[in-house]
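K.L.:
return a 3D structure for these sequence lines:
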Amino acid sequence: MSKTCQTAQGPLSELEKSIDTIIDVFHQYSRREGDKDTLSKMEMKLLVEKQLANYLRHVKNQSSLDQIFKDLDTDKNQQLSFGEVMLLIVRVTIATHEHLHFCEDHHQQHHHQQQHHH
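P.N.:
Take a look at the predicted model:
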């Protein structure tokens, strides 16, 4: 993707770089077969396996990839648009955030318990 059409006036922030990365990764997979700007089921599985392997575990009801695809494909056209894929990324991001808090809380409780022993 050429960056000639960039709207940014200055250097990109961390968050803006992350947004760019999400868009770039989507295109790496969407361009493999069929429509260049949607993901087929095969493209979606590849993206998830290569790009979300660690964090997808935080999505509680770890349903099959087929089920996830079906849930995201809101217009039932067997293709995932960028917006539909973003729903998955949002879900994974929220679940990962909750997981990090859970780990922190758990760690702090454990730490407090250790202090009480002294």
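K.L.:
and the residue nearest the centre of the chain, how far from residue 34?
P.N.:
Nearest residue to the geometric centre of the chain (C-alpha atoms, centre = their mean): residue 89, 2.9 Å. Remark: distance between residue 89 and residue 34 (C-beta to C-beta, to the nearest Å) = 21 Å. Every residue, glycine included, has its C-beta placed from N, CA and C.
K.L.:
and what of residue 27?
P.N.:
For residue 27, the distance to residue 34 - C-beta to C-beta - is 14 Å.
K.L.:
and whichever helix in the chain runs longest, what does it pack against?
P.N.:
Determined from DSSP state H, the single longest helix within the chain is helix 82-116. Identification of packing neighbours for helix 82-116 by 3 or more C-beta pairs under 8 Å, 6 or more residues apart in numbering; DSSP states H and E yields helix 14-30, helix 41-51, helix 65-72.
K.L.:
next, the angle helix 65-72 makes with that helix.
P.N.:
Using axes from the mean of the first three to the mean of the last three C-alpha atoms, to 10 degrees, the direction of helix 82-116 lies 110 degrees away from that of helix 65-72.
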